[in-house]
Every structure is written in C-alpha cells, then in structure tokens.
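Undergrad: Sequence first, then the predicted structure, then my questions.
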Amino acid sequence: MNIDQLAQISSYLVGSSFAVLSFAFVCHVAEWVTARKQTPVAVAVGGSESTEEVELAEELASTADRYSAVAVSLTVLGTGLLIAASVVRGLAAHRVPLGNMYEFGVTGTAIALTVYLILVWRSQIQWLGGLVLGVSLFVLGLSLSTYVPPAPLVPALNTFWKYIHVSSIMVAAGMFMVGAAASALYLIKVRAEERGTVGAVLSRFPSSAKMDRLAFQVNAIGFPLWTFGTLISGPIWAHYAWGRYWGWDPKEVWALITWIVYAGYLHARVTAGWKGRRAAIVALVGFATFIFSYYIVNLMASEFGIFSQHTYAK
Amino acid sequence: MSRSSTERATELSLVEMLRWGWRQLTSMRTALLLLLLLAVAAVPGSFIPQRGVDARAVQTYYVEHPKLAPVLEKIGGFSVFSSVWFSAIYLLLMVSLVGCILPRIRVYARALKARPPKAPRNFSRLPASAELETDKSVDEVLTAARRLVGRARTDVVIDGDVGELRAEKGYLREAGNLLFHTSIVFVLIGVAIGSLWGYRGTVIVVEGQGFANSLSQYDEFSSGTLFNPETDLSPWSLRLDDMSTKFYVKGSQRGAPREFKATGTFSEAGSAKDHDFKIRVNHPLSVGREQVFLVGQGYAPVIRVTDSSGEVVFDSAVPFLPADATYTSTGVVKVPDADGQQLGFQGFFLPTAFSASEDEASISVFPGALNPRIGMNLWVGDLGMDDGKSQSVYALNTDKMEVVKDGDKKFRVDLGPGQSQALPGGGKIEFVELKQFARLQIGHTPLVWLPLVAVTASILGLMGSLLVRPRRTWVRARRVGSRTVVEVAALDRVPRDDLPADLAELLDGLLAELGPDSYLKEDS
C-alpha cells in the first residue's frame, strides 16, 4: 500500500470514529432524557405512590443505566478506531503521528479518551461521559478542519524531545479535560443541592463533594505532567532547537498562563473563601486557557501578525 | 488619656499597620490573587508583538497602528515581560512566597520534633470510627494496634485502666510542599542570573568566510545589564566551509525543509589547532563558554561591479534575506564610488525563478537553487554613508537618491549565475557565483542548569505534596471489668474516599490479632 492509500484509510477510520463517538454522545443524552421522565415524586422512594409508578420509575432508571452502558461501549469502540487511525497515519508518514495540528488533534483526542476510559474502568466515572465526549468531538472537529496529507518532518521537529514534550502535554490535557468536565458538573450540582432542586437527571450524578474530589484528583495528576511537558522538556528542546530555553513565544506565554491558573486552582482549593465553587471556576478557566493555547495561538499569526515558533505545518 | 500613652498608641498602630500589611501580603488569599493577576498580565504579551521576541513585528505594528503604538510604548506594551507593572506583580509574588515559606519551614521543623496529637474525647464526631470489645489487656491491644498502623509516628500512652495509641503519618507532604515553593524561588533566581549575565547574538556567515567572537562581529546583540562584552565573550573563531540545505521535492510537503547543516572549522584561543564542526538544527556546537546554534540560512550571490574604466569597485558575497517559504529574498548592493558616483542596487533574489509568461514578473517556486536569478533596480545619488550614522547593510535609504531609468521604464538588472549586464552609465554588473550563508545564533546563559534542576525538584516536591496523604489514627482501650473496650478512629487532613475501607481493614486486622473472643460492636 502506498502513502496515499494508508492516509485514506486513516481518514476513513477518523470519520468512523467521529460517527461512533457521536452515537455514544447521543446515548448519554438519551440517558439524561430517560432519567428526566422519572417524576421527582417517583424518585423519592417510600411514599404513597402506587406500585405502578414505582415500577415505572425503576424501569426508566434501568433503561437509563442501559443507555449509559451502551455509551461506554461505543466510546471504547470509537477510541479504538481513533487509535487505529493514529497508528495507520504513523505508518503512512513513517513516524510518530505528531507532526502537525491535524495529527495533534487525532492522536491527542485518542490519548485523552484513553485517559477517560482508564478512569471509567478504575473509578466508574462514566457519568462524565456526555461532557467528555462533547469536548472530544469539539477538539476532533477542530482538527478535521486542519487536515493536511501525511508528510515527513521539518528538521526542528526531528528529535526525541518532541515526543516527550508532546506526549506529556497530551496526557496532562486528557486529565485536565476530565477535571474540567467534573468541575462543570460540580457547579451545576452544587447549585441544585443548595436550592434543594436536585431532579431526576442530577440525582444520577454523584454528590457534588465527590465530583469536587474527582476534579482535584485528576487535575493533581495533570499538573505535574503539565509542568514537566511545558517547563522541563519544552525548554530543553527549545534550548537545542532555537538556542534559548524560554523566549516568550505566544505558545510559551499561554502554556505558562495555563500553569499559573492551575497552580491557582490547587491553592484555591485550600484557601478559605475560595474552595468549592470559586476553585471550580478557576479550574474551568485553566482548561479554557489550554484550549486557547492549543488551537487559537496557531491562528494568531494571521489575526494579530504574531508568529508563534510553535506553528508548524499549519 | 495622658500624652505619652497617645504617642505610644500611634507608634503601636504604625508597627501594627506594617505588620498588618505584611500579613496581608503573605496571606494565601493575596498570593492567590497575585498569581491569577500574573496570568492576566501575561496575556497582552501574547497579542502585542514583543521587542525582545520579534523586533521587526514591532516596527510593522508601528506602521499599521500609528496612533495606538506610541500609547502602547508608554505603558510597556512592547516589552510586557520586563515592564514595571509586570515586574511589580512578580516581585510582590516573590516576596509573598518567601514570606510564606520561611515561617512554614520553622513551623515544619518544630512539627518534625513534635509527637502525634492526643486523641479527641469523642470519637463518634470523627469521619470514621468504630468500637470493639475483647478480653485482651489494654497493653496487648495497643501493642497489636501499633504494629497494624504500619509506618507512622506512634506514641502509646497508658494511664491506669485507660491507654491510647496516637499515630500520625504523612509528614512528607509538607516537606514536598516546601520543596515545591522553595524550588520555584530558585527557578526565578536562576532565570534572573541567566538574563542578567547572559547574552545572545546572531551573525550571518557566508560560505568561505569566518567569524571571531567579539562584539563588533555580531549583526544583532542583546545582553543582560551585568554582562561585560570586554571580558565575558570567550575568544574563539570559526570558519564556515559549507552550508548544505535539502528540501523535499515531491508530494504535498514539496519545498519543506528536510535538512540544514553547516560545516567548517573552529579554533579556541591560545590553540593553533583547528577542529571540524558540524552544526545542525537541534544539534548546536559548544565552543568556549558559548553555544552556537544554526537558526537560519539563505543565499548570498557574489556580485562584482566594474566601472567604465574597467576597475572593480565592488566584489563581494551579498546576503539576501529570505522573506518567505520559497526563499524569495531581498538584498542591497551599495557601491560608494563608481566613476565618482554612488550607486545603490535594491531588489530580489529568487532561488528557483519562474515566470508564467514574458510580461509577468518572475516568482520563486522552490526554495532550492534550481534556477537562481537576481532582479534589481539601480539608484544613484547619496547613499548617506558619509554622515557617520551606522546603517543597515540590508536596507537602502533612497531619500537622496534617484532611480535610474531606461527609456520610460526603470532600469532593471536581471542576472543568472555567470551572467553580466552593462550599466547605463558605463561599466557592468556581474553575478559571479552563488554562495549560501548560515545565520548563527551564539549565546551564553550562566547557570543554565539551575532553572532546570529547580523545576525538576519542584515537580518532585509537588508530587510529594499531592500524593503523600497525612492521616491521624487513634486507638483508645479502656478496661471495663474483665473486658477491654477498644475505640478506633481516623482523621484525614485532606478528605479521601478510602478512609472507611482503610479503617475496616485496620479493624479486621485488630480482630484477627486479638483472638476469637473479640467482636465489633454493632452500633458504632
């Protein structure tokens, strides 16, 4: 098979993965819609409801559970397809598929979803599925808009530091993504808990305290990885490639901003008056700065006349 | 109120105010706000071109935003990261950080010597607790419990019929925390040393030419305020023999760079011996205290200008600076005296020139030199070289010059290698041969390893502070008649999910150790 055929297969795999992940997303939505049908009266078990109402509620709950299980299976399938797409792309280009924005997007989403699935397996966090898939589809969609055919690397990228640099950042980003989803749901749930309006959908999610803890745990793993990727391996590589370890390049500035915001988050969680809601907002801002540096900095050249040295092949 | 006491009161309030200010500055909340403020302050640095990063982009910005640029200049918009306000934020943050670390180190040193705290009176108020009963003695219970809590700092205190085990673990958490924050301070110190005593310069070296490491040889040079060019540049020299470039010729990446390699020789001061070097992207050359990086390359056609009497008035390789991915390059030739006239040539170099038709201007279609051509216009008049001001060799100031015409069109030089062309005023211009140049970046950053080591240490500290989870465990045993009532409780300073499971495990172990006549009390 030649390069073009392999690249074609990789593109088909990405397309199929996108479709399967979209179905998984739809299943999560169906899960919530089913849960919604349970009337709040029926949720409160042990009352004067008729047996039929209780049975109906139980049936709906088990249907919602089934939707959730199907969604997780589809996510496994979609992630597998995406990993295959990434591998085939690497075969086509004869290198690790991290050479341009398109490949970053495909491989990065595959890594992020793998991180999510490992956490589903270890800590049953499938309740985050809808949001995680939403963000993944968004990122994958962005990278589809930057498609380029496979090609060899430009000299500056031809070093093993690149793989260390990029892969640690991607795993960190996967952690941050899960953390951001948990923080977003936390904000919704904690509001409902305070107002006493936890409905059928929200009661399918864990308590706000548990969400807050999960967000902290994944961000606490992501942050050292991010530090390693942006402040150790990045500067080392920059030193060899560009003759300076830190040059206030827009991407470097935004990586530092992300670092600072997440450092702020870790501190906010133990600061009176900041823990809880404000800390969660800081975490969400942190993830937003990551998306910004990941995607928008590469578009800034045309918008602001500022050329990031990190803009390769797109 | 007597006079003296009033005085004392104001005096106190001044001290108190300072103390209050210090406490505010070093409080967690202020540190947090400063941290987030630093992130916000860094944002403009990514939207406005920075002089230290790309001076040319700043010039372009001035042209495009003539009204806004001077305002931005005033507030440090073009040098955000060295501006007063940015420095103020991070210096305050540094002070806050140090002011936070020092007392905590003292507290930690004391805590290291301290014993685990006493058991609280009421265990049922703690997040996890249980009660069991056994026929073993208080002493036996506590000895077994001590073995089971594992690696923790423990104290067993027995007072008559009652005894308690106090266990605490996770002391390394705070150590990690302190290591992280101390390391951050060292990162900043290392970066500061590197930028105060360090320097960086770039120079263009054409094949066959040399470079000696002294200030006057650099094209661009920037150094820290404490850098001394007389003593801090180590004396060495190099000679560039060959600049080799390879580009992809096929596929979608056609024209993308494949390999850049500069080869030649260098010699260090006091040594007559020449060493060969090979510099590639990502593979710098270390010489003296400096490192030499290959950061760019381009073409330098050798151009010869002869005047009407046949005398050579210009003969040199002229670096043309590449402006785009196909190496469309711009350059200037200044001839100060040709038949008593000053000549200036200004124009383009195209490595692979291609023109769709006769009347269309050529463009460069490939960065490799497959069909190199020079296209230039000619100016006569005052080059402005005599007024003593230094001027760029890459730009022609045409204020006092006039463009030379050929009929009603501009006179145009259009040459390939080996070709020559007659000039309107007599004499000729020749494109002798094509050479390449390497753009080298040379620099030295003292203690460059310090920030790296410090960041690495900070990660280790961070992992310690995030992964080590302190826990206090208490076991209280009380002899009641012939039985011993045992209360067990645990408290995490950072709430975790596994506390109940861990406590259950401890209880199981305890029951197994204490023998068959022991049981868990149901309602606890």
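TA: Yep, that arrived.
Undergrad: So residue 234, which state does it fall into?
TA: You didn't pick a chain, so chain A it is. helix (DSSP: H, G, I helix; E, B strand; the rest coil).
Undergrad: Measure how buried the closest residue in space to it that isn't next to it in sequence is and give me the count.
TA: Here the nearest residue to A:G234 in space, its sequence neighbours aside, is A:H165; by CB to CB, 6 or more residues apart in numbering or on different chains that works out to 5.2 Å. To be clear about C-beta, it is placed using only N, CA and C from the backbone, and glycine gets the same treatment. As a burial measure, A:H165 scores 22 neighbours (other CB atoms under 10 Å in any protein chain shown).
Undergrad: Surely A:H165 is in contact with A:W226?
TA: No. Assessed by CB atoms under 8 Å, A:H165 is found out of contact with A:W226, at 11.4 Å.
Undergrad: Quick one: the helices in the stretch 201-314 of chain A, in order.
TA: With DSSP state H, counting those that start in this stretch applied, the stretch 201-314 of chain A shows helices at A:208-227, A:234-242, A:250-268, A:277-295, A:300-304, listed in chain order.
Undergrad: Redo those as JSON lines? Include mean pLDDT, mean neighbour count and distance to B:S244.
TA: What follows is the helices of the stretch 201-314 of chain A, written out as JSON lines (pLDDT from 0 to 100; neighbours: other CB atoms under 10 Å in any protein chain shown; distance: least, CB to CB, whole Å):
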{"stretch": "helix A:208-227", "mean pLDDT": "92", "mean neighbour count": "22", "distance to B:S244": "38"}
{"stretch": "helix A:234-242", "mean pLDDT": "87", "mean neighbour count": "20", "distance to B:S244": "18"}
{"stretch": "helix A:250-268", "mean pLDDT": "92", "mean neighbour count": "24", "distance to B:S244": "30"}
{"stretch": "helix A:277-295", "mean pLDDT": "91", "mean neighbour count": "21", "distance to B:S244": "35"}
{"stretch": "helix A:300-304", "mean pLDDT": "61", "mean neighbour count": "13", "distance to B:S244": "29"}
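Undergrad: among the ones you listed, which is nearest B:R239?
TA: With respect to B:R239, and counting by CB to CB, the nearest of the helices of the stretch 201-314 of chain A is helix A:234-242 at 23.3 Å.
Undergrad: Tell me, what's the model's pLDDT at the closest residue to chain B within the stretch 201-314 of chain A?
TA: Among all residues of the stretch 201-314 of chain A, A:G243 sits closest to chain B, at 3.6 Å; criterion: CB to the nearest CB. As predicted, A:G243 sits at a pLDDT of 82.
Undergrad: I'd like to know how far it sits from B:G443.
TA: Computed with CB to CB, to the nearest Å, the distance linking A:G243 and B:G443 is 6 Å.
Undergrad: Show me whatever sits in contact with both of the two.
TA: Residues touching both A:G243 and B:G443 (CB atoms under 8 Å, 6 or more residues apart in numbering or on different chains) are B:R200, B:Q291, B:F293.
Undergrad: If we check chain A, which of those residues are in contact?
TA: Restricting the shared contacts of A:G243 and B:G443 to those touching chain A (CB under 8 Å from any CB of the partner chain) yields B:R200, B:Q291, B:F293.
Undergrad: Dump those to JSON lines, plus neighbour count.
TA: Compiled in JSON lines, these are given as follows (neighbours: other CB atoms under 10 Å in any protein chain shown):
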{"residue": "B:R200", "neighbour count": "22"}
{"residue": "B:Q291", "neighbour count": "19"}
{"residue": "B:F293", "neighbour count": "26"}
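Undergrad: nearest spatial neighbour of the residue sitting nearest the centre point of chain B, skipping sequence neighbours?
TA: Geometric centre of chain B, nearest residue: B:V191, 8.6 Å, by CA atoms, centre = their mean. With CB to CB, 6+ apart as the measure, B:P451 is the residue that lies nearest to B:V191, at 5.4 Å, once sequence neighbours are left out.
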